[in-house]
Each structure stands twice: as C-alpha cells, then as structure tokens.
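Trainee: here is my input, please return the structure:
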Amino acid sequence: MSTKRSKRWNGELGSLAPEFLKEVIEKMQAYGDRIQFELPNKAPCPNYQVINPAGRKMGFDARHLILRPNADGNISDELTPAYTLEAIKAAMTGAGSAAGRSRPRIAGAIHGASAPAKRAAPVQQAADTVEREKYAYYKENKEALPDGIVKYSQAVSQLMRQGLSAEAAFDQIIKQHFCD
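Mentor: Residues are numbered from 1 along each chain as shown. This next block holds a predicted model:
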C-alpha cells in the first residue's frame, strides 16, 4: 500500500501530480527545453521557471500563471537543478503508474540507480554544471561567437556531456555549421 504522507511537494519529481506535470510539459513545449522548480515550501505544487536554449527564463506559479522574476532574473533564490523535458516526461509516466513500491525501483534501476532519490540528484547536478559552464563560456565569448550559435545550444551541451570542454564543443559546432 503506497500512499503519500503529505500533500506538499517534497522536492522529488515523482511526487508531483501527473496533472501538474502535464501542464508543465505544455509550458516547456511552448517556451523552453529545461525547467527549474522552486525548492519545497508549504505549497502542494512548486512555482517553476522554463529556460529556453538562449538562457532566457519564463516563470510560472503553481497554477501555471506567469510569475515575475526577482532581481536575479529567477523566480526564487532557491531552485532545483535544471531538468530536461525528457526527465519531466519520465516523472509523469512514473507518477501516473506508481501502483506499488516495486514500480519506482524498476524505473530507477533502468537509469542505473538503486535508489532514485539518492542517485538522481547528482545526475541532474552534472547536467546543470554542463549548462552553467556552457553559459559562462558563451557569456565570456559572446562577441567572438557567430550570430545564430544559440540555435545549436543542445548540440553544444551534448558534446560537453561526451567529455569536451565548453571551448572545444563551441569550436566543433562552429566548424560544422559556420565554416564554409
């Protein structure tokens, strides 16, 4: 018998209601490919911000209405790591079909983790590190980079996840798409 102990969000994607995640996916498909949630508070669902490949953020409250960012350009000072659309879809599928305890463990085992709550965070932090390094490099070298490079943001991230530095990943994309 698997029940939620609280109606509040506990910080894990799997604890969010499938209906909420469905709306989140719609916002992501419309506005950006990554998302960050506000860290848990007393609300049953968190506020969130959708981030597009150019790094622009659009904030939404728990009812999916537009939310103004704070002075730092975020919806909150305390945010989760950035999650991809695929991670949100996987959480929605897992949250919608979690009839027993064995279901989440199977999903975690597929991703190479024996306990999803303990292992999922470092994977997301690694992805967040890639995005931060990519953005820092872009910000420092924006003037030298060709116009339109932001269209290849996902490709740069993929190359960085394969082990390339931000500089090497940007150079490879420039050679592939901007050199004649």
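
Trainee: where in the chain is the helix or strand with the lowest mean pLDDT?
Mentor: Lowest on mean pLDDT, DSSP states H and E among the helices and strands of the chain sits helix 102-110, with a mean of 37.

Trainee: residues touching A43, list them.
Mentor: Each residue near A43 by Cβ atoms under 8 Å, 6 or more residues apart in numbering is listed here: R8, W9, A62. (Glycine included, C-beta is placed from N, CA and C.)

Trainee: so the second one sits against P40, correct?
Mentor: It stands for W9. Yes - taking contacts as Cβ atoms under 8 Å, W9 lies within contact range of P40: 5.2 Å.

Trainee: which one's more surrounded, these two?
Mentor: The neighbour count for W9 versus P40, taken as other Cβ atoms under 10 Å, is higher for W9 (22 against 16).

Trainee: need the three-state assignment for that one.
Mentor: Following DSSP: H, G, I helix; E, B strand; the rest coil, the label given to W9 is coil.

Trainee: begin at 7 from now on, thanks
Mentor: Right, with 7 as the first residue, what we last looked at is W15.

Trainee: spatially nearest residue to the residue nearest the centre of the chain, not counting backbone neighbours?
Mentor: Taking Cα atoms, centre = their mean as the criterion, Y89 is the residue nearest the geometric centre of the chain, at 1.7 Å. Counting by Cβ to Cβ, 6 or more residues apart in numbering, Y89 lies nearest to I41, which is 5.3 Å off, once chain neighbours are set aside.

Trainee: is M64 located within a strand, as I assumed?
Mentor: Yes - inclusion of M64 in a strand is indicated when three-state DSSP is applied.

Trainee: mind listing the residues bridging to it?
Mentor: V56 (DSSP bridges).

Trainee: of the contacts of A49, which one scores lowest on pLDDT?
Mentor: Lowest pLDDT of the contacts of A49: R14, 71.

Trainee: please name the nearest non-neighbouring residue to it.
Mentor: Leaving aside its chain neighbours, R14 sits nearest to P50 (5.8 Å; criterion: Cβ to Cβ, 6+ apart).
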